[in-house]
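Engineer: structural data only, the sequence is not supplied:
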């Protein structure tokens, strides 16, 4: 990613100063409206300026709605639905859905078997989210004197590595990277990858894999 490349989170995320006493339900409703309005506007091929003009709203107001930075009145919600030619209910869809979170106390993640287990790689599962449009798996990987190099891992999706302890040379495709504490590597999981040289043991690194929707 180049320095001037926009971050996806900046384009699609939202944030605002909130009163700690504000009900969670109200926050969820604002977020649902923001996501649905943005979805229907982009599906219609309209810019924020075009949509604001169609609705008779200011561009700034529509931007705040799409970024969950303001609460919609019923009148504004009806105006949005009319302008987008959708039912009002489609703009609040998802507000009552449960959003997952996984908490794993330090050192209490289950040990699991992965492709590298037979090579002496230890995997502690820190958390995993499943469901529509998401499959995220977070692991703490530990390599010791019993571990073998194994640069042939392959899987669908994207993997992020962050080294906490030790040093290793990590391969991805035809490239190698020397990684130490604080170093990170993000890679396409379809490319053959894995540690090719264990330089300072023990090695501990965080592995976060974002699988595509269709993967099992």
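Structural biologist: Perfect, I can see it now. Keep in mind the model is a prediction, meaning the values are calculated, not measured. Numbering: from 1, shown residues only.

Engineer: quickly list the domain ranges of the chain.
Structural biologist: Domain segmentation of the chain under automatic domain parsing yields 8-91, 111-210.

Engineer: what's the closest of these to residue 101?
Structural biologist: Closest approach to residue 101 among these (C-beta to C-beta): domain 111-210, 8.4 Å. C-beta here means a position set from N, CA and C on the backbone, and glycine is covered the same way.

Engineer: in CSV: the domains of the chain, plus mean pLDDT.
Structural biologist: Below are the domains of the chain laid out as CSV (pLDDT from 0 to 100):
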stretch, mean pLDDT
domain 8-91, 79
domain 111-210, 91
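
Engineer: which of these sits closest to residue 102?
Structural biologist: domain 111-210 (3.7 Å).

Engineer: where does the longest strand along the chain sit relative to the chain's centre, distance-wise?
Structural biologist: Identified as the longest strand of the chain according to DSSP state E is strand 193-210. Averaged C-alpha coordinates place strand 193-210 at 21 Å from its chain's average position (C-alpha atoms, centre = their mean, to the nearest Å).

Engineer: pull out the buried positions in it.
Structural biologist: When neighbours are counted by 16 or more other C-beta atoms under 10 Å, the buried residues of strand 193-210 are found to be 193-195, 198, 201, 203-205, 207-210.

Engineer: repeat that for stretch 148-162.
Structural biologist: Applying 16+ other C-beta under 10 Å to stretch 148-162 flags 149-151, 153, 155, 157, 159, 161-162 as buried.

Engineer: taking those residues one by one, which sit in strands?
Structural biologist: 159, 161-162.

Engineer: what about the residue nearest to residue 111 when sequence neighbours are not counted, how many residues close to it?
Structural biologist: Excluding the flanking residues, the one nearest residue 111 by C-beta to C-beta, 6 or more residues apart in numbering is residue 124, at 5.9 Å. For residue 124, the count of nearby residues is 17 (other C-beta atoms under 10 Å).

Engineer: need the max-distance pair from the buried residues of stretch 148-162.
Structural biologist: Taking C-beta to C-beta, no two of the buried residues of stretch 148-162 sit farther apart than 149 and 157, at 22.7 Å.

Engineer: on that earlier part again, save the domains of the chain as CSV, and put in distance to residue 102 too.
Structural biologist: CSV is the format used below for those (distance: least, C-beta to C-beta, whole Å):
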stretch, distance to residue 102
domain 8-91, 19
domain 111-210, 4
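
Engineer: please enumerate the helices of the chain.
Structural biologist: Ranges of helices in the chain, per DSSP state H, are 8-12, 24-43, 48-55, 59-66, 74-84.

Engineer: need the contact list for residue 139.
Structural biologist: Going by C-beta atoms under 8 Å, 6 or more residues apart in numbering, residue 139 touches 112, 114, 123-126, 206-209.

Engineer: what about the spatially closest residue to residue 182 that is not a sequence neighbour, how many residues nearby?
Structural biologist: In space, and not counting its chain neighbours, residue 182 is closest to residue 163: 6.8 Å by C-beta to C-beta, 6+ apart. Using other C-beta under 10 Å, residue 163 has 20 neighbouring residues.

Engineer: thanks again, I'm all set now.
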